[in-house]
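**Q** coords please:
(one chain, ligands or ions: 1)
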Amino acid sequence: MYQHQSIRLDYQEHIRLLCERYRINVGIINEPLDSFAHTRSRVIGVPIPNNALNYAIALHEIGHLVAPMFGSRIDCEIIAWNWAQDNALEWNKDMERIKQTGLNSYLKHIHDI
Ligand SMILES: [Zn+2]
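**A** Model (predicted):
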């Protein structure tokens with residue numbers, strides 16, 4: 001966690017910095033439910049992370065690429081969400097809700113084609 005009590009959070013800047021650090025290319029998409037992470041090409045597709053929900057989704061997709069992955073598909077989803085939460089500037093109720101929604105609907109998502 002970062003020290004952020006007195007500074008204004010900047011979700012977009014944080015995602016930009018993480019993608020720079022981990023050498024991830026970002027494609028901007030419109031529909032949050034269509035978000036994806038392609039491991040081989042190190043590309044994520046996410047909505048512009050200008051609010052808490054889209055920020056959480058972007059962190060989750062980055063997590064798919066940078067967190068050590070093992071186990072089943074649902075294990076990987078949990079690992080990616082946990083990475084997102086651990087690395088977030090903050091984790092609020094909206095973000096927790098999208099995490100739970102994501103875990104509940106993971107079967108609909110295609111992350112690696
Ligand atoms: Zn996922």
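**Q** Which helix or strand contains the closest residue to Met69 other than its chain neighbours?
**A** Spatial nearest neighbour of Met69, excluding adjacent residues (CB to CB, 6 or more residues apart in numbering): Cys76 at 4.9 Å. Any C-beta I mention is one placed from the backbone N, CA and C, and that applies to glycine too. Take DSSP states H and E as the rule and Cys76 turns out to sit in helix 73-87.
**Q** What residues of that helix count as buried?
**A** Burial within helix 73-87, assessed by neighbour count using 16 or more other CB atoms under 10 Å, is assigned to 76-81, 83-85, 87.
**Q** and the helix or strand that it is followed by, which residues are buried?
**A** Counting by DSSP H and E, the next helix or strand C-terminal to helix 73-87 is helix 93-104. By neighbour count on 16+ other CB under 10 Å, the buried set for helix 93-104 is 95, 98-99, 102.
**Q** Return the list of helices and strands in contact with the lowest-mean-pLDDT helix or strand in the chain.
**A** Ranked by mean pLDDT, DSSP states H and E, the weakest helix or strand in the chain is helix 93-104, scoring a mean of 90. Contact partners of helix 93-104 among helices and strands, from 3 or more CB pairs under 8 Å, 6 or more residues apart in numbering; DSSP states H and E: helix 52-66, helix 73-87.
**Q** Can you lay out those helices as JSON lines showing mean pLDDT and distance to Leu17?
**A** Output for these, formatted as JSON lines (pLDDT from 0 to 100; distance: least, CB to CB, whole Å):
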{"stretch": "helix 52-66", "mean pLDDT": "96", "distance to Leu17": "11"}
{"stretch": "helix 73-87", "mean pLDDT": "94", "distance to Leu17": "11"}
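**Q** Thank you, goodbye.
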